[in-house]
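1. I would like to see how this sequence folds:
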Amino acid sequence: MSSRFNRILIPALVLYGAALTWLWLPNPGIAEENRLMENLQALSLLAGLVCACATLMDKNRVSPSWLPWMLTLFFFTLFLREVDFERLDLPPLIAALGSGSGRNLLLSAGWAAGFGVFLRRRMSLWPALRSRLLSRAFLLLATGAVFYVLAVPFDQRLLFPDRTLNRFLEELCENYATFLLFWGALVLRFPALEKSSHRSCAIPPRPGT
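-> Numbering: from 1, shown residues only. Here you go, the predicted model:
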């Protein structure tokens, strides 16, 4: 990633974490279920989902079709798992599809359709993946996934005995994860933001493949 982009993103991450820490210190409850930190994650995931859907529907996109398909399903899955639809005042049908067996059925159908797209486009997968391994969007998405992994030890209380501290650090890692995932989807949506740090032997993708 370019140094100019890093000069924006890294301070944003630092300020985001500092603000959450400042809010948490006098009020640890913001890290609990369905409170501020989880709501911010849901907001980032929803924004990422909108970006992924917009990329998928864009006929002039430069990314292969399987990429926004998989990214849309990925954001949709995380969003459904993050939001407790059964606790919201929603129409019964939406609440049923967003939770429990309805959610599982919806996600299974979505991933089955996504897998079908993947199979149809499998011949272009490796060239397209190679051309993007060190792209800005891929690095942002991969770093976001790493933060999800970093949250696991805090979820399992493997590092600290205090539940409150573990809860905060878990939610902080997941907030960083969703923040970076959103930025990755945003960069993919607007190719002008993408300046791949990989300049050698990149295989240009075919538009809309």
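2. what packs against the longest helix along the chain?
-> Assignment by DSSP state H gives helix 163-189 as the longest helix of the chain. Identification of packing neighbours for helix 163-189 by 3 or more C-beta pairs under 8 Å, 6 or more residues apart in numbering; DSSP states H and E yields helix 3-24, helix 36-57, helix 66-82, helix 136-155. Where C-beta positions appear, they are placed from N, C-alpha and C, glycine not excepted.
3. and S108, which of these is closest to it?
-> The stretch from these with the least distance to S108 (C-beta to C-beta) is helix 66-82; that distance is 10.6 Å.
4. ok so, going back, ok now the longest helix of the chain, how far from the chain's centre?
-> Remark: helix 163-189 is offset 8 Å from the chain centroid, using C-alpha atoms, centre = their mean, to the nearest Å.
5. Any figure for the gap between G144 and D89?
-> 31 Å (C-beta to C-beta, to the nearest Å).
6. who has more neighbours, these two?
-> Using other C-beta atoms under 10 Å, the more surrounded residue of G144 and D89 is G144, with 22 against 5.
7. Was I right to think the more buried one contacts L186?
-> No - counting by C-beta atoms under 8 Å, G144 stays clear of L186, with 11.9 Å between them.
8. any idea how far L106 lies from E33?
-> 22 Å.
9. Could you check which of these two is surrounded by more residues?
-> L106 (16 against 10).
10. Contact partners for the more buried one?
-> Applying C-beta atoms under 8 Å, 6 or more residues apart in numbering to L106 gives the contacts 80, 97.
11. start the count at 14, not 1, going forward
-> Okay, residue one is now 14; in that scheme the one you just asked about reads as L119.
12. Just the pLDDT at it, thanks.
-> Predicted confidence (pLDDT) for L119: 84.
13. Distance of it relative to R48?
-> From L119 to R48 the distance is 26 Å (C-beta to C-beta).
14. do the same with A25
-> 22 Å.
15. Now find how far off-centre stretch 201-210 is within its chain.
-> 17 Å.
16. Check which residues of it are buried.
-> 201-202, 204, 207, 209 (16 or more other C-beta atoms under 10 Å).
17. Nearest residue to R100 in space, please, no chain neighbours.
-> Nearest residue to R100, sequence neighbours excluded (C-beta to C-beta, 6 or more residues apart in numbering): N47, at 6.8 Å.
18. Give the helix, strand or coil label for the one you found.
-> coil (DSSP: H, G, I helix; E, B strand; the rest coil).
19. residues near F98, how many?
-> Neighbour tally, F98, other C-beta under 10 Å: 16.
20. sorry, that was for L53
-> For L53, using other C-beta under 10 Å, the count is 18.
21. How confident was the prediction at the residue nearest to it when sequence neighbours are not counted?
-> Of all residues not flanking L53 in the chain, N188 sits nearest, at 5.8 Å (C-beta to C-beta, 6+ apart). pLDDT, N188: 97.
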